[in-house]
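A.B. asks: For reference, the sequence and a predicted model appear below.
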Amino acid sequence: MTDRWVPTTSHWGAYQAAADSDGGVRVAPHPDDPVPSPLLGNVAGSARHATRVARPAIRRGWLESGPGPSAGRGAEEFVEVDWDTALDLVAAQLDRVRNESGNESIFGGSYGWSSAGRFHHAQSQLHRFLNTIGGYTASKHNYSFGTSQVLLPHVVGSISSVLGYADSWETIRENTDLIVAFGGLSTKNLSVTPGGVTLHTGAASAADPGVQVAAVSPLGADVPARGRWYSIAPGTDVAVQLALAHTLLAEDLHDTAFLERYCTGFDVVAAYLRGESDGVAKTPEWAAEICEIPADDIRELAREMAAGRTLVNVTWSLQRTEHGEQPVWAGILLAAMLGQIGLPGGGFGHGYGSMAEMGDSGPLLKLPTLSQGANPVREFIPVARIADLLLSPGQTYRYNGQTRTYPDIRFVYWAGGNPFHHHQDLTRLRRAFARPETVVVHETHWTATARHADVVLPATTTLEREDLGAGRRDTHLTAMHRVLDPHAEARDDYLIFAALADRLGARQAFTEGRSPRGWLEHLYETWRESLRERGHQVPDFDRFWELGRLELPAVDEQPPLRRFRQDPEANPLHTPSGRIELFSATVDGFGHPDCPGHPVWLRPRRTTGGPLHLIANQPPTRLHSQGDVGATSLESKVDGREPITLHPADAAARGIAEGTVVRIFNDRGACLAGARLSERVRPGVVVLPTGAWFDPQPDPKRDGATMCAHGNPNALTDDLPSSELSQGCAGQHARVDVERYDGPLPPVTTRTPPPLRPA
Ligand code: PGD
């Protein structure tokens, strides 16, 4: 424990911390950070909150009756045990399952953001541990942009060519005339990047990029201060994009030389735009019926796009929906027709407004990284298919042209994620979590996922250990000093896995004989050596640790799309044609009915569930579910519930006023929330951000059903993928209805631990 101010970092940025006299923590922004994150306000309250997991805890039914499927998960009390008892039990079950049915019966995908820190990254630690004992069924892709992760390689040859080399805000200010921002340019997301960003320069740039912005979104909050708001019906961006493309084509504003030299398949798409292939011309009048933006506005916007340097940006939220491939592919189509892909400040952007790193200008540098080893098991799922995996062993499904089969999972191991926050249709996920024999979770706090486990092992937070920290496109590497002693009996994930590896005969393979500090020195010095080989000198570990942070050396690399533009024959894309595939014969050949071979408008299948369109976006007051018991998050609650924003007309029609507690419901589930009214959401649209800790309680309006008393939107979202191609998360939208909640208010139970009893 140190009462000195020391440096540390988090996914919401670098900051300073010091222990206070009663064992808590004080935090202060990094002195050079121009726009510190509001999420810093959650740190002090979360650090020693009553919901910290204090000691190993085992669900009573599992402890008394042994492993097996159980609906008691998430309902029964826990028994606190000593570390040796817990570790012996977990090691014995891992050993039994791997011997009886092979390591593919262990699911170790364990998706989640965990905490910043290059070494103590819980998911990497888990994967490394499982690899040393024979492997695990893995998960692929992420919930953030998992749909694009599958699509982009087919269209532009790689994910990184679009996401890894985005132009900086300075380049945009210098070169761009107009940003057409599908999904808007939200600043609330820009304090966050995995691993953290030291200096938040991007938030101010997105708030006012210094160029014209046409922001297409159902939410006024997504529009920068001087931007134009094109208020769109949710989920209809593709119709606007196709109508813009139609106008460019009809008015001969498209760049035929670019399309011929750098793209394939434009002829197929052009036939579709004209209506030759399906009898429907994608005119602005056609689109206006769908998206509720006037046809003349669409036509004018297309002309403006063709008149100067235009960046077509699509936020990640747009692909986190049904048919989420389409707005991304149609965005690339538009940028290709404008002929500006590969030019500074022009072309296609994906994720400005979604994450801090997009637009940051820090070096493209490989950071110190813990090796996860090799996984001998080949089984995996696309990450958002977790409930299907657990519910349907042996069932086949389509994915990226393949037909795959779900393996039979008997053991689920999760460290550093909160599926009972991040997954869709949480009632269904509860049924899925009842199926395996054993669920083990490492957690810092009693989240809903911890409450649905059999064995909960208490993990330290970043403040309670040392690490190296930096995010993608960060400017600095931070020496993350320890500030607090571990809470109660909490241990580092690394030390927990080392103790399990010991019991399973793999200690040396897992630890390589190093302590946590020994690993930091090893990772740093290996990285330092690789930098030295590339001509960059950085101080040794001791000096770096003393300095507290290190400015990362500048690494200049030409973006792949610039090189492609300069010479497409010498620098082809990694697509079958080497060019941008506006029509992909590969995707077409897969025959996925919900993702044909070129961008198309597809009507949503999910039109039932209620008259209102729910947008479940990222919260402004915490990172996903992290920090929900901290001050910034708690201050935003209404009567202890997550705020839902409605248009005053929709509220008035339902007798709802500012501050009314409401019940949001559809055929999948229900939750409570507190009403906030705003003219800046479209009528017919409501916004309930993700991340309020899931609090399932009996629904007084529906026998046998549950209702989240706190306001988690994933009680309402549908567990359907974006498409068969990517099987990505489509949790951004749902259909719902909202009513006043006049019954006795159930207490929110997430801010105290579950029932615990000593062994
Ligand atoms: P977090 O709340 O960050 O959410 O889902 P994710 O699971 O990443 O969960 C991380 C967990 O790790 C927390 O519970 C935290 O306490 C724990 N943790 C932190 N540090 C440590 C540590 O050192 N050790 C251990 N063992 N645990 C630790 C985020 C996911 O949600 C994402 S990325 C997106 S983009 C999705 N977005 C949406 C959406 O737009 N709409 C809906 N409806 N749903 C979504 N879900 C997705």
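C.D. replies: Done, it's in. Numbers count the residues shown, from 1 in each chain.

A.B. asks: Please report the number of neighbouring residues for residue 724.
C.D. replies: 17 (other CB atoms under 10 Å). (Each C-beta comes from the backbone N, C-alpha and C, glycine too.)

A.B. asks: I'd guessed it sits against residue 594; true?
C.D. replies: Yes: contact criterion CB atoms under 8 Å: residue 724 and residue 594 qualify, at 5.7 Å.

A.B. asks: Which residue ranges of the stretch 451-600 of the chain form strands?
C.D. replies: Counting by DSSP state E, counting those that start in this stretch, one finds strands in the stretch 451-600 of the chain at the ranges 455-458, 467-469, 476-480, 549-551, 580-581.

A.B. asks: So which bits of the stretch 301-450 of the chain are right by the ligand?
C.D. replies: Residues of the stretch 301-450 of the chain found near the ligand (CB under 6 Å from any ligand atom) are 320, 415, 416, 417, 418, 421, 422, 442, 443, 444, 445, 447.

A.B. asks: pretty sure residue 144 contacts residue 315?
C.D. replies: No: Residue 144 lies out of contact with residue 315 (CB under 8 Å); the separation is 10.8 Å.

A.B. asks: what's the overlap in contacts for the two?
C.D. replies: Common contacts of residue 144 and residue 315 (CB atoms under 8 Å, 6 or more residues apart in numbering): residue 354.

A.B. asks: Between the two, which has more neighbouring residues?
C.D. replies: Per other CB under 10 Å, whichever of residue 144 and residue 315 has more neighbours is residue 315, with 30 against 20.

A.B. asks: Residue 179 is in contact with that one, correct?
C.D. replies: No: between residue 315 and residue 179 no contact is recorded; they are 11.7 Å apart, counting by CB under 8 Å.

A.B. asks: which residues are common contacts for the two?
C.D. replies: What both residue 315 and residue 179 touch, as defined by CB under 8 Å, 6+ apart, is the set residue 352.

A.B. asks: Just the residues of the stretch 301-450 of the chain next to the ligand: which are in helices?
C.D. replies: Taking DSSP state H as the definition of helices, these contribute 421, 422.

A.B. asks: one step back: would you mind telling me which of the strands of the stretch 451-600 of the chain is nearest residue 155?
C.D. replies: strand 580-581 (5.2 Å; CB to CB).

A.B. asks: what's the lowest-mean-pLDDT helix or strand in the chain in contact with?
C.D. replies: Taking mean pLDDT, DSSP states H and E as the measure, the chain has helix 202-207 as its least confident helix or strand, at a mean of 82. Applying CB under 8 Å, 6+ apart, the contact partners of helix 202-207 are 34-35, 169, 172-173, 185-187, 190-191, 224-225, 352-353, 356-360.

A.B. asks: C-alpha coordinates for it, CSV please?
C.D. replies: Taking C-alpha atoms only, helix 202-207 is exported to CSV below (Å, rounded to 0.1, in the frame of the first residue of the first chain):
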residue,chain,number,x,y,z
GLY,A,202,-9.7,12.5,-29.7
ALA,A,203,-12.7,13.5,-27.6
ALA,A,204,-12.3,17.2,-28.4
SER,A,205,-11.7,16.5,-32.0
ALA,A,206,-14.8,14.4,-32.4
ALA,A,207,-16.9,17.0,-30.6
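
A.B. asks: what pairs with the very next helix or strand once past that helix, and is each one parallel or antiparallel?
C.D. replies: Counting by DSSP states H and E, the next helix or strand C-terminal to helix 202-207 is strand 212-217. Strand 212-217 has its sheet partners listed here by DSSP bridges as strand 178-182 (parallel), strand 228-231 (parallel).

A.B. asks: other SSEs contacting whichever helix or strand comes after the shortest one?
C.D. replies: Proceeding N to C from strand 228-231, the next assigned helix or strand is helix 237-250, under DSSP H and E. Using 3 or more CB pairs under 8 Å, 6 or more residues apart in numbering; DSSP states H and E as the contact criterion, the secondary-structure elements in contact with helix 237-250 are strand 178-182, helix 266-274, helix 284-291, helix 295-306, helix 325-338.

A.B. asks: Okay, angle between helix 237-250 and helix 295-306 too, please.
C.D. replies: Here helix 237-250 points in a direction 70 degrees away from that of helix 295-306 (axes from the mean of the first three to the mean of the last three CA atoms, to 10 degrees).

A.B. asks: Please tell me how far residue 56 sits from residue 50.
C.D. replies: Look at residue 56 and residue 50: by CB to CB, to the nearest Å, they are 18 Å apart.

A.B. asks: of those two, who's got more company?
C.D. replies: A direct count of neighbours by other CB under 10 Å for residue 56 and residue 50 places residue 56 higher, at 26 against 11.

A.B. asks: Grab the most central residue of the protein for me.
C.D. replies: The chain has residue 144 as the residue nearest its centroid, 3.2 Å off, counting by CA atoms, centre = their mean.

A.B. asks: pLDDT value on the residue lying closest to it once chain neighbours are set aside, please?
C.D. replies: Counting by CB to CB, 6 or more residues apart in numbering, the nearest residue to residue 144 once its immediate chain neighbours are dropped is residue 316, at 5.7 Å. Looking at residue 316, its pLDDT stands at 98.

A.B. asks: follow-up on the earlier one: separate out the buried members of the contacts of helix 202-207.
C.D. replies: Neighbour-count burial (16 or more other CB atoms under 10 Å) is assigned, among the contacts of helix 202-207, to 35, 169, 172, 185-187, 190-191, 224, 352-353, 356-360.
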